[in-house]
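**Student:** For reference, the sequence and a predicted model appear below.
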Amino acid sequence: MNGCDDAPARRPWWPAVILGAVVVLAWSAALVTPHLANALGLGPTGPFLDLRGLLAASEAAGRGLDPYAFNPLDPYQRPLLYSSWWLWLGSGLTRADGGWLGWSLVAATFAATLLTGLARNVREAIVGGLMLLSPAWLLAIYRANNDLVIFVLLTLTVWALHRLQRAWRAAGAVLVGAMAILKYYPAAAVIGILRATRRREALVLLALVAGVVGLGWPSLARAIAAISRFGFLVTASGGLQAFGVKLLGESLA
């Protein structure tokens, strides 16, 4: 047996390239072709609607308006139903920045999908393509939903928690806490901390998560109050709901 026999087999590169090219073309076509967006049930509102809603909330706060009430700067007058940390992320930006910021977020999302290694072989490339071109993903891309921000952060979190350096793992724990404040459900990423090799390190990382959540908890107070007031409402225009969009069946119909 020679050295060549012991070398690990190289993974084919072309499934990832083909998957990337198809996804880029499909996402771009949906974003720049209104007729295609309507045919896919993505709606006639134009791209990046959810991102523009967050920017409208930030802009309203900058003008002294209440972003947690019906927002006159948003086309659907949507109130902000999330942590005030989202206002910090949009600080200094306005609705006019929605175009370049939306494309940047889509590009970051695409880069994050590559980081997850979806296409290590032909089978995974097919499964990854079906997922990234599914109605749910296309809708999230088209609207630039803040779940895309969470996806990018979650990808970075998983990468950081797998690093050997403690500083990176600590940064991953901080991101878990931050994501929990930004969108609630990513708190489940705390399970990644349980892979720590030592109990002491796991406790330290969990303490970091708890510290960030404790620090950010006051930022949720107005969001929780707004949810209690507006969370059940469905606006008349477009069937938009407080926590997402109209049912997939209605969109496809």
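**Tutor:** All right, it came through fine.
**Student:** only C-alpha atoms for contact and neighbour calcs from this point on.
**Tutor:** Fine.
**Student:** Can you tell me the centre-most residue of the chain?
**Tutor:** With distances taken as Cα atoms, centre = their mean, L148 lies nearest the centre of the chain, 2.0 Å away.
**Student:** Where does the nearest residue to that one once chain neighbours are set aside fall, secondary structure wise?
**Tutor:** Leaving out its chain neighbours, the residue that sits closest to L148 by Cα to Cα, 6 or more residues apart in numbering is T109, at 6.3 Å. Using DSSP states H and E, T109 falls within helix 98-115.
**Student:** list the buried ones in that helix?
**Tutor:** G98, L101, G102, W103, L105, V106, A108, T109, F110, A112, T113 (16 or more other Cα atoms under 10 Å).
**Student:** Can you give me every residue that contacts the second one?
**Tutor:** Read that as L101. Taking Cα atoms under 8 Å, 6 or more residues apart in numbering, we find L101 in contact with no residue.
**Student:** And it, how far from I141?
**Tutor:** 12 Å (Cα to Cα, to the nearest Å).
**Student:** pLDDT below threshold where in the stretch 51-200 of the chain?
**Tutor:** Applying pLDDT under 70 to the stretch 51-200 of the chain picks out residues 119.
**Student:** all strands for it, in order.
**Tutor:** Along the stretch 51-200 of the chain, no segments are classed as strands by DSSP state E, counting those that start in this stretch.
**Student:** where exactly do the helices run in it?
**Tutor:** Listed from the start of the chain, the stretch 51-200 of the chain has helices (DSSP state H, counting those that start in this stretch) covering 85-89, 98-115, 122-132, 135-143, 146-161, 166-183, 199-216.
**Student:** Report the angle between the last one and helix 166-183.
**Tutor:** Read that as helix 199-216. Here the directions of helix 199-216 and helix 166-183 differ by 40 degrees (axes from the mean of the first three to the mean of the last three Cα atoms, to 10 degrees).
**Student:** next one: the helix holding T109 to chain centre, how far?
**Tutor:** 10 Å (Cα atoms, centre = their mean, to the nearest Å).
**Student:** I figured A125 was touching W13, is that so?
**Tutor:** No - contact between A125 and W13 fails when scored by Cα atoms under 8 Å: they sit 10.7 Å apart.
**Student:** So these two - more neighbours on which side?
**Tutor:** Neighbour count, other Cα atoms under 10 Å: between A125 and W13, A125 has more, with 21 against 12.
**Student:** Which residues are in contact with that one?
**Tutor:** The contact partners of A125, by Cα under 8 Å, 6+ apart, come to P15, A16, L19, L118, A119.
**Student:** With W13 instead?
**Tutor:** R120.
**Student:** Could you do W88 as well?
**Tutor:** Here W88 is in contact with S58 (criterion: Cα under 8 Å, 6+ apart).
**Student:** Roughly how far does G46 sit from P34?
**Tutor:** In terms of Cα to Cα, G46 sits 7 Å off from P34.
**Student:** now swap in M131 and tell me
**Tutor:** 22 Å.
**Student:** circling back to that earlier point, using TSV, lay out the contacts of A125 together with neighbour count and distance to L89.
**Tutor:** Output for those, formatted as TSV (neighbours: other Cα atoms under 10 Å; distance: Cα to Cα, whole Å):
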residue	neighbour count	distance to L89
P15	19	36
A16	22	32
L19	22	31
L118	18	29
A119	25	32
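**Student:** any chance of these in a markdown table, plus distance to A225?
**Tutor:** Converted to a markdown table, those look like this (distance: Cα to Cα, whole Å):
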| residue | distance to A225 |
| --- | --- |
| P15 | 48 |
| A16 | 45 |
| L19 | 43 |
| L118 | 40 |
| A119 | 43 |
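**Student:** Can you report how many residues lie near R143?
**Tutor:** 23.
**Student:** Thought F48 was touching it, still the case?
**Tutor:** Yes - counting by Cα under 8 Å, F48 is a contact partner of R143 at 4.1 Å.
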